[in-house]
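> Fold the following for me, if possible:
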Amino acid sequence: MSINGRIRQVREILNLSQAKFDRSISVAVGYIAKIELGERKVQERIIKLICVTHGISEQWLKTGNGEIFTSAAADRMRDITFRTFDNLTPVNQEKVLDYIDYLFDKQQKESRARKENGEKKRLIA
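From the prediction side, this is the model:
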């Protein structure tokens, strides 16, 4: 994946629209859209702004290697997640846990299906 794709991935993980992401790093509206589409080169200052503002690993953003979030950002994300979960009613906590189970099962099925399709393609070739 290119740096442009990783920037899009960061924005989606953070659940921000392109316009909100633009504002978060103080660039003109539409700037990130052009980067994501490959119409604009990613400048070093944009990389720095994204990393500092959102706790993203510069190494990961540039190369795709390592963890997405810096350890401090990952710790902050965990704290926010757990605090939010703790503030939910028991009924809603159960719904969140059920949904996590559903997503995990879905991911496992998709992974098995991809693996089976890959094996079928090798058998045909």
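> what mean pLDDT does the longest helix seen in the chain have?
For the chain, the helix with the greatest residue count under DSSP state H is helix 90-124. Helix 90-124 carries an average pLDDT of 83.
> Repeat that for stretch 10-23.
93.
> Now do the end-to-end distance for it.
Counting by Cα to Cα, to the nearest Å, you get 15 Å between the two ends of stretch 10-23.
> How about stretch 52-66?
Start-to-end, stretch 52-66 (Cα to Cα) is 17 Å.
> Buried residues in it, which are they?
By 16 or more other Cβ atoms under 10 Å, the buried positions in stretch 52-66 come out as 54, 55, 56, 57, 60, 61. C-beta coordinates here come from the backbone N, C-alpha and C atoms, glycine included.
> I'd like to check what contacts stretch 57-64. Which residues are they?
Residues from elsewhere that reach stretch 57-64 (Cβ atoms under 8 Å, 6 or more residues apart in numbering): 1, 3, 6-7, 10, 47-48, 50-51, 65-70.
> Ignore what I typed, I meant stretch 17-29.
Under Cβ under 8 Å, 6+ apart, the answer for stretch 17-29 is 11, 14, 16, 30-33, 36, 46, 49-50, 53-54.
> buried subset of those?
Buried members of those, counted by 16+ other Cβ under 10 Å: 11, 16, 31, 32, 33, 36, 46, 50, 54.
> mind giving me the domain ranges of the protein?
3-70, 72-124 (automatic domain parsing).
> Pick the most deeply packed of these.
Stretch with highest mean neighbour count among the domains of the chain: domain 3-70 (a mean of 16; mean count of other Cβ atoms under 10 Å).
> so how far does that one reach from one end to the other?
By Cα to Cα, one end of domain 3-70 lies 17 Å from the other end.
> if we can go back for a sec, what two of the buried ones among the contacts of stretch 17-29 are the furthest from one another?
Farthest-apart pair in the buried ones among the contacts of stretch 17-29 is 33 and 54; separation 17.4 Å (Cβ to Cβ).
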